[in-house]
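# The sequence and its predicted three-dimensional model are supplied below.
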Protein chains: 2
Amino acid sequence: MERRHGSGTPLGEVSTPGRVAAAGEGISEEELALAARNHGLPLEALRHDVTPPGLHYLLTHYDIPAVDADTWRLTVGGRVRTPLELGLAELQALPAVTHRVTMECAGNGRARLSPRPVSQPWLVEAVGTADWTGVPLRTVLARAGVDDGAVEAVFTGADHGVERGVEQDYRRSLPLPVDADVLLAYAMNGGPLPPQHGYPLRLVVPGWYGMAHVKWLRAIELVDTPFTGFQQAVAYRFRQSPDDPGEPVTRIAPRALLIPPGFPDFMSRVRVVHPGPVELEGRAWSGYGPVTRVEVSADDGRTWTDAEVSPRGPHRWGWQAWHTTWTAAAGRHTLSVRATDADGHAQPLEQPWNRGGFGNNLVQRVPVLCRPLPDTRQ
Amino acid sequence: MERRHGSGTPLGEVSTPGRVAAAGEGISEEELALAARNHGLPLEALRHDVTPPGLHYLLTHYDIPAVDADTWRLTVGGRVRTPLELGLAELQALPAVTHRVTMECAGNGRARLSPRPVSQPWLVEAVGTADWTGVPLRTVLARAGVDDGAVEAVFTGADHGVERGVEQDYRRSLPLPVDADVLLAYAMNGGPLPPQHGYPLRLVVPGWYGMAHVKWLRAIELVDTPFTGFQQAVAYRFRQSPDDPGEPVTRIAPRALLIPPGFPDFMSRVRVVHPGPVELEGRAWSGYGPVTRVEVSADDGRTWTDAEVSPRGPHRWGWQAWHTTWTAAAGRHTLSVRATDADGHAQPLEQPWNRGGFGNNLVQRVPVLCRPLPDTRQ
């Protein structure tokens, strides 16, 4: 399933170990090539409850595969009583549910770490919220019949590549039994999945970082020992050093983001506002439970005031809106925002460094210039 | 309309002049912030005749504005006989046309220049093709009645920001009379414009770089002297030095792109193929006319062979498909592809450097590793 290519082999020479950037090292052309392919949510799009197509963040490890839905099949095998092979129409004939889910890349915040792990260089914008429609994974597993000895389900996508010397189809696992809300999703925001979001079928694991939501899903295999593939045991671990086995990356740590107020400078993205009351609003989420508190700082984190947080409502996996009013005075300011969830997790004020650059939910910083209104007599 | 803020003013301090990166200077965090907001076409998406929503390139100068289509109006004024104010329903009641248009950012290729102009850091991927539906601009101008003295139409978007010290709504002009194919477009690929592509109305100027296709269009003004606003007279000029008045950026220079063959390494994006025949295919386009020749090199530009180019067909502003077969031998290779159009424009083999980083259609380079098939007995 996975083929390891050592550093002495041709493939090992073009697919090298992970590394951390040197002090002062700018973003490399390789990181830029990833940033140009993948993309975040332009922060003003936080205004939408459901992210419009094309604005949701996107991270593709290899290539977006071309999948023909007419010949595509999902296989369900391994430690099951009845192996299954299902086409899209068969899945769509099963009772469907829709969940509104906020999804975030585990690497969000990576490029703000110092030193910087070299990989997809997200700042804070790798997030989006969509309505995902599909069949609960439990429904399909119940049809196949789970063997007593099965401990995990392994999900295989149609995307193929090589990563740090390991040639692979993208694969991840979840422990059994799976949560009731885990979906085999064939629709996003009421339409077929776009190619880049996993057409024709993807896994949706509400509350977990994006690496768990396997796209272009083609196989589910139940296994009786924990899966040790690359994306589970090598990548997506919180490690301090290369030989640290680390802890697995799972649920989304809390984060609040601010819709940058006023208008921007094209290049610096510094925001411009006028003196007086400025409405501040944004979204907050956590994979551990509802966000119970959002605090805002206008002095780069020295003092904080509470914002008003909307209740989670019917969408338990979607982000929550928050808002407050800031009275701006002329000068330079740095706005920050900080979420705390019902489980007691709060965004840190110091970076949570790890070698893979995962789960960096350090508070956002938005530089703002407040200047007097222009003299309209001119 | 535009307010200039000098370097001694607060706004001038956060909105500084354009600059060119120093030798060896990595991509800055400011450039990265633009790359994370905006995005290119993942090159495997060249396989689609019409780019699926969300994969088309996107460049937003300031913020995506929130426009309420119910209250939005397009005004047509200046040197016209009858000033107009049109709602979306009125525009949609006029006879509509659809054009398939390949659109490319004028800054595509900028980050491959040496030295590198500091701005949105595109490599080669700032392109996309869509079916745009709307009303010919000529139809609306004829209703308003163009005064004899009018020489240009100036288009104003709802997007507002500051750029190199100039506070502005995004504005561009076109000379009169306008081409018959210029559209006021309210639909993309058969649906309403997505917010990021100009909802509810944008200009589409087939054959021209993206800066001409004003998004979130709210006003058209006919003027009797050429427009000298920032985006016309300061930005989007081919200059060799800051004091060079330069030539305006207008039509799209020819380019061919290759769908990278085989599969990629996650980080280096080097492609892996096996020895033997490898099908190579991609797209080619030019704003000056049909592409008449596509050449492919497998030895980093030393030798070239002709590919087969599909005729332009009914879509005179859309890209053309091309394909050829390459016989890969074990080892490292660099694939390149080069387009020539009917007007005699060809992609250069040396970079066309200019201070804004516009129109760099230097040939694409795709590094490939060809390795023997794995021993299947293992």
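Cool, got the structure.
# ok, what's across the strand from A:Ser173?
A:Val154 (DSSP bridges).
# typo on my end, it should be A:Asp169
A:His160.
# Please enumerate the strands of the stretch 251-378 of chain A.
A:255-258, A:263-264, A:271-273, A:276-285, A:291-297, A:305-306, A:308-309, A:320-328, A:331-341, A:364-370 (DSSP state E, counting those that start in this stretch).
# quick one: average confidence on stretch A:286-299?
Averaged across stretch A:286-299, the pLDDT comes to 98.
# same check, this time on stretch A:116-135
Here the average pLDDT along stretch A:116-135 is 98.
# Please apply the same query to stretch A:251-271.
Here the average pLDDT along stretch A:251-271 is 97.
# near chain B at all, that stretch?
Yes: judged by C-beta under 8 Å from any C-beta of the partner chain, stretch A:251-271 comes into contact with chain B at A:Pro260, A:Phe263, A:Pro264, A:Asp265, A:Phe266, A:Met267, A:Ser268, A:Arg269, A:Val270. Yep, even glycine has a C-beta here, placed from its N, CA and C like the rest.
# Dump stretch A:55-68 to PDB, restricted to CA.
The C-alpha coordinates for stretch A:55-68 follow below in PDB (Å, rounded to 0.1, in the frame of the first residue of the first chain):
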ATOM      1  CA  LEU A  55     -14.000  30.600  -0.800                       C
ATOM      2  CA  HIS A  56     -13.800  27.600   1.500                       C
ATOM      3  CA  TYR A  57     -10.100  26.700   2.300                       C
ATOM      4  CA  LEU A  58      -8.600  24.000   0.200                       C
ATOM      5  CA  LEU A  59      -5.500  21.800   0.800                       C
ATOM      6  CA  THR A  60      -4.700  19.100  -1.700                       C
ATOM      7  CA  HIS A  61      -1.800  16.800  -0.900                       C
ATOM      8  CA  TYR A  62      -1.100  15.500  -4.400                       C
ATOM      9  CA  ASP A  63      -3.200  16.200  -7.500                       C
ATOM     10  CA  ILE A  64      -7.000  16.600  -7.700                       C
ATOM     11  CA  PRO A  65      -7.800  13.200  -9.300                       C
ATOM     12  CA  ALA A  66     -10.200  12.800 -12.200                       C
ATOM     13  CA  VAL A  67     -12.800  10.400 -11.000                       C
ATOM     14  CA  ASP A  68     -15.500   9.100 -13.300                       C
END
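# That stretch and chain B, any residue contact?
Yes: Stretch A:55-68 reaches chain B (C-beta under 8 Å from any C-beta) through A:Leu55, A:His56, A:Leu58, A:Thr60, A:His61, A:Tyr62, A:Asp63, A:Ile64, A:Ala66.
# Inside helices: which ones of those residues?
Among the residues of stretch A:55-68 next to chain B, the subset assigned to helices under DSSP state H is empty.
# which of the strands of the stretch 251-378 of chain A sits most buried?
strand A:255-258 (a mean of 26; mean count of other C-beta atoms under 10 Å in any protein chain shown).
# List the neighbouring strands of that one plus their orientation.
Going by DSSP bridges, the partners of strand A:255-258 are strand A:276-285 (antiparallel).
# Report the angle between the strand it pairs with and strand A:320-328.
Relative orientation of strand A:276-285 and strand A:320-328, computed by axes from the mean of the first three to the mean of the last three C-alpha atoms, to 10 degrees: 160 degrees.
# now the angle from strand A:276-285 to strand A:331-341?
Using the same axes, to 10 degrees: strand A:276-285 against strand A:331-341 is 30 degrees.
# which residues are contacting strand A:276-285?
Strand A:276-285 has contacts (C-beta atoms under 8 Å, 6 or more residues apart in numbering or on different chains) with A:46-47, A:102, A:104, A:127, A:129, A:252, A:254-259, A:261-262, A:291, A:294, A:296, A:307, A:309, A:318-328, A:335, A:337, A:339.
# Now do A:Ala23, the pLDDT please.
In this model, A:Ala23 carries a pLDDT of 89.
# Distance check, it against B:Ala307.
Computed as C-beta to C-beta, to the nearest Å, the A:Ala23 to B:Ala307 distance reads 46 Å.
# Not counting sequence-adjacent ones, nearest residue to A:Asp341?
A:Ser286 (3.7 Å; C-beta to C-beta, 6 or more residues apart in numbering or on different chains).
# Isn't the one you found up against A:Ala339?
Yes: using C-beta atoms under 8 Å, A:Ser286 makes contact with A:Ala339 at a distance of 6.6 Å.
# where do the contact lists of these two overlap?
In contact with both A:Ser286 and A:Ala339: A:Pro254, A:Arg255, using C-beta under 8 Å, 6+ apart.
# So what's the residue count around A:Ser7?
11 (other C-beta atoms under 10 Å in any protein chain shown).
# show me the contacts for the residue of chain A found nearest chain B.
Chain B sits closest to A:Gly26 of chain A, with a gap of 1.5 Å, by C-beta to the nearest C-beta. Counting by C-beta under 8 Å, 6+ apart, A:Gly26 touches B:Glu25, B:Gly26, B:Ile27, B:Ser28.
# again, but for A:Leu41
A:Thr51, A:Leu55, A:His56, A:Tyr57, A:Glu125, A:Ala126, A:Val127, A:Gly128.
# and the fifth one, helix, strand or coil?
Taken by DSSP: H, G, I helix; E, B strand; the rest coil, the conformation at A:Glu125 corresponds to coil.
# For it, grab phi and psi.
phi -100, psi 10 (degrees, to the nearest 10).
# on that earlier part again, save the residues of stretch A:55-68 next to chain B as TSV, and put in neighbour count and pLDDT too.
Listed next are the residues of stretch A:55-68 next to chain B as TSV, based on neighbours: other C-beta atoms under 10 Å in any protein chain shown; pLDDT from 0 to 100:
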residue	neighbour count	pLDDT
A:Leu55	22	97
A:His56	24	98
A:Leu58	24	97
A:Thr60	24	98
A:His61	20	98
A:Tyr62	21	98
A:Asp63	21	98
A:Ile64	25	98
A:Ala66	13	96
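# As TSV, these with distance to A:Pro275 would be great.
Formatted as TSV, the residues of stretch A:55-68 next to chain B follow (distance: C-beta to C-beta, whole Å):
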residue	distance to A:Pro275
A:Leu55	31
A:His56	36
A:Leu58	38
A:Thr60	44
A:His61	47
A:Tyr62	50
A:Asp63	50
A:Ile64	47
A:Ala66	54
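# This completes my enquiry, with thanks.
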